[in-house]
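Q: Sequence plus predicted model, see below.
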Amino acid sequence: MGPNVTNATVLLGWRRRWNRSLLQFLGRRVRSTVEIEDLAQEIYLRLLRAPDLLQVRNPQAYLLRVAGHVVAEWRREYPPVEALGLDEADTPVDECLPELAVDAKLSEERLNRQLAQMSPMMRAAVLLRLRDAHSYKQIAQELGLTLRQVRRYLARAYEQLRGALDE
């Protein structure tokens with residue numbers, strides 16, 4: 001991008017690329033569709049005020065970090081719906097946002113396909129890490145690998161899984 005690129009232009013690209021991830025992130029933390037939309041708008045407004053989005057090294061991580069801060073502030077400012085005794089708290093997020101449920105199902109299918117294509121050792125390392133929350137050291141011991149091999153397997157696996165989600 002050229003030197004005259006504004007934060008608004010950068011942010012439009014981020015929104016096209018990662019808005020679904022942002023909405024899924026918010027959907028796991030917030031129950032109401034209206035609240036999710038309001039929070040997403042607040043996140044994008046905050047990012048517009050950032051000094052220079054072109055300098056951000058990992059835009060998706062930055063976007064989700066800002067989202068985490070916005071959600072934390074929102075939770076401090078507004079009581080949970082459950083505390084108010086409203087019926088909306090009984091409605092699962094999937095019913096509030098059917099498009100998120102569809103996206104989640106498609107993402108799950110893509111991830112499962114990608115996992116099936118991995119070597120058995122790489123798949124085992126990923127499952128031990130993500131599903132069973134094992135440390136790198138525990139994975140190395142369980143699979144008879146060095147820490148370096150575990151790091152390498154997981155780095156490649158994460159790259160493949162991210163690619164599957166970006167399809």
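A: Okay, I see it.

Q: domains of the chain?
A: Per the record, the chain has its domains at 1-92, 97-167, by automatic domain parsing.

Q: Rounded mean pLDDT for the shortest one, please.
A: If you average the pLDDT over domain 97-167, you get 84.

Q: Could you check how far it is from the centre of its chain?
A: Here the centre of mass of C-alpha atoms in domain 97-167, compared against the chain's by CA atoms, centre = their mean, to the nearest Å, lies 15 Å away.

Q: just the longest one next, same as before
A: Centroid separation between domain 1-92 and its chain, computed with CA atoms, centre = their mean, is 11 Å.

Q: what ranges do the helices span in this structure?
A: Applying DSSP state H to the chain gives helices spanning 7-27, 33-48, 59-77, 81-84, 93-96, 98-117, 120-130, 136-143, 147-166.

Q: got the buried residues for the first one?
A: Right, the one you point to is helix 7-27. Under the neighbour-count criterion of 16 or more other CB atoms under 10 Å, helix 7-27 has 7, 10-11, 14-15, 18, 20-27 buried. The way it works is simple: take the backbone N, C-alpha and C, and place the C-beta from them, glycine included.

Q: tell me the least confident of those?
A: Among the buried residues of helix 7-27, residue 7 has the lowest pLDDT, at 81.
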